[in-house]
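Asker: below are the sequence and a predicted model for it; my questions follow.
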Amino acid sequence: MAVDPRCDLCGEGRPIYHRSYSGEWLCARCFKRSVVDRIRRTISRYNLLEYDDRILVAISGGKDSLSLLKILERIERDFPHSELYAVMIDEGIGGYRAECMAIAESFCSALGVPFTSLSFRDLFGFTLSEVVESGIPEDLGLTPCTICGIFRRKALSIAARRLGATVIATAHTLDDVVQTYLLNLLKGEGNIRPVGLRRENGHAIPRVAPLRLTPQREIALYAYLENIPFQTTTCPYTHTSMRDRVRSFMAWYAANKPEALFSFLKNFERLLERVDQRAEDRCEVCGEPSSRRICRACEVEMLIRDRLRR
Ligand code: SF4
Ligand code: ZN
Ligand code: ZN
């Protein structure tokens, strides 16, 4: 007679997830608890947050960032001097942002976390769709996602300063962090910096990634089990990004070697520690840290403004 399988942690619940890199079978309750516990441990292991931080959580309306917000809201209840703010950046992508905005707004209101949105249009005077339709990305040899990323980063810094935030929390999962390192290597980036670790640089507001040790698929399952709402529309530019291709390769690789992403992160960051990180100066235009006289965001912004004026 077949033995009735039980959860490896509590010994009672019916397993719904096999954590292939540890060999554990987990029930839904233990799985969710293990995800939150790991994020708590990640925060403490890397000293990502202080007890009295004003934390800006960058949300996209997708499952990763809403899960991060929910988990941080739970963790920060133990730190009454900390504050949480959710910020969404509206890039102005026709037919895409409206749904995520509505989802995020009602999710934040249910959690009791203040929600703010800022748009590329208000901050920079153009939308991402206008820039893409003008053909500027192709002329500059950049993908829409690269332009989007440059301005989203800048917009989040502006939002953080306006809110008086002391730290920006992003929903980069283990997969995202490894993808970012691989993309940096493929681009031949000479000064690769650790992703999502609290490394303050001059006047920059530090960025942290509390999900950096949590695989993407576990966040997806957590979101599903917690009934976190999903957006149904996909950004029309996703397929143009290099990240999308690296993501597909990594998903295939990790399916065959489940521990590969953890090993890569550990070994790569060990190497980064041995490399002397060049101190970054500040951009002469916006004051954000940059190894160039004028940062990439300001340079691209000037080029776009110039082109759109013609
Ligand atoms: Fe921006 Fe690319 Fe993400 Fe679309 S897929 S929101 S263009 S980074
Ligand atoms: Zn269990
Ligand atoms: Zn700048």
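Answerer: Noted; the coordinates are in hand. Ligands and ions are numbered 1, 2, ... in the order given.
Asker: how about the strands in the stretch 1-150 of the chain?
Answerer: 15-19, 24-27, 54-58, 83-90, 115-119 (DSSP state E, counting those that start in this stretch).
Asker: the top helix by length along the chain near ligand 3 anywhere?
Answerer: Identified as the longest helix of the chain according to DSSP state H is helix 144-163. No - figure legend: helix 144-163 not in contact with ligand 3 (C-beta under 5 Å from the ion); closest approach 7.4 Å. Every residue, glycine included, has its C-beta placed from N, CA and C.
Asker: which elements pack onto that helix?
Answerer: strand 54-58, strand 83-90, strand 115-119, helix 120-124, helix 128-133, helix 136-140, strand 167-169, helix 296-309 (3 or more C-beta pairs under 8 Å, 6 or more residues apart in numbering; DSSP states H and E).
Asker: what lies in contact with the second one?
Answerer: Residues external to strand 83-90 that are found in contact with it (C-beta atoms under 8 Å, 6 or more residues apart in numbering): 53-61, 69, 72-73, 76, 97, 100-101, 104, 108, 113-121, 152, 155-156, 159-160, 163, 165.
Asker: ranking the strands of the stretch 1-150 of the chain by burial, who's on top?
Answerer: Most buried of these, by mean neighbour count (mean count of other C-beta atoms under 10 Å): strand 54-58, with a mean of 24.
Asker: mind listing the strands for the stretch 151-300 of the chain?
Answerer: Counting by DSSP E, counting those that start in this stretch, the strands of the stretch 151-300 of the chain are 167-169, 207-208, 281-282, 289-290.
Asker: just tell me which of the ones you listed ends up closest to Arg245.
Answerer: strand 207-208 (24.7 Å; C-beta to C-beta).
Asker: sheet partners, orientation included, of that closest one?
Answerer: strand 167-169 (parallel) (DSSP bridges).
Asker: what about the stretch 101-250 of the chain, any weak spots by pLDDT?
Answerer: Counting by pLDDT under 70, the stretch 101-250 of the chain contains low-confidence residues at 200-203.
Asker: for ligand 3, what's its nearest residue on it.
Answerer: Going by C-beta to the ion, ligand 3 is nearest to Lys154 of the stretch 101-250 of the chain, at 7.4 Å.
Asker: which non-adjacent residue is nearest that residue?
Answerer: Among residues not flanking Lys154 along the chain, Ala297 sits closest, at 4.5 Å (C-beta to C-beta, 6 or more residues apart in numbering).
Asker: what about that neighbour, distance to ligand 1?
Answerer: 14 Å (C-beta to the nearest ligand atom, to the nearest Å).
Asker: next: Arg274.
Answerer: Arg274 is 31 Å from ligand 1, by C-beta to the nearest ligand atom.
Asker: look up how far Arg14 lies from the nearest residue to His172 once chain neighbours are set aside.
Answerer: Nearest non-adjacent residue to His172, counting by C-beta to C-beta, 6+ apart: Ala209, 4.0 Å away. Using C-beta to C-beta, to the nearest Å, we find Ala209 at a distance of 32 Å from Arg14.
Asker: of the two, which one has the most company?
Answerer: Taking other C-beta atoms under 10 Å, Ala209 and Arg14 do not tie; Ala209 has more neighbours (26 against 11).
Asker: quick one, what contacts that one?
Answerer: 48, 169-172, 176-177, 195-197.
Asker: so which of the residues you listed belong to helices?
Answerer: Counting by DSSP H, these contribute 176-177 to helices.
Asker: just send the contacts of Ala209 back as CSV, with distance to ligand 2 and neighbour count too.
Answerer: Putting these into CSV (distance: C-beta to the ion, whole Å; neighbours: other C-beta atoms under 10 Å) gives the following:
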residue, distance to ligand 2, neighbour count
Leu48, 27, 22
Ala169, 28, 28
Thr170, 30, 23
Ala171, 26, 25
His172, 28, 25
Asp176, 28, 20
Val177, 28, 23
Val195, 32, 21
Gly196, 29, 24
Leu197, 32, 17
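Asker: tell me how many other residues surround the closest residue to ligand 1 within the stretch 151-300 of the chain.
Answerer: Relative to ligand 1, the nearest point of the stretch 151-300 of the chain is Cys235 (3.1 Å; C-beta to the nearest ligand atom). Taking other C-beta under 10 Å as the criterion, the count of residues near Cys235 is 21.
Asker: appreciated, that's everything.
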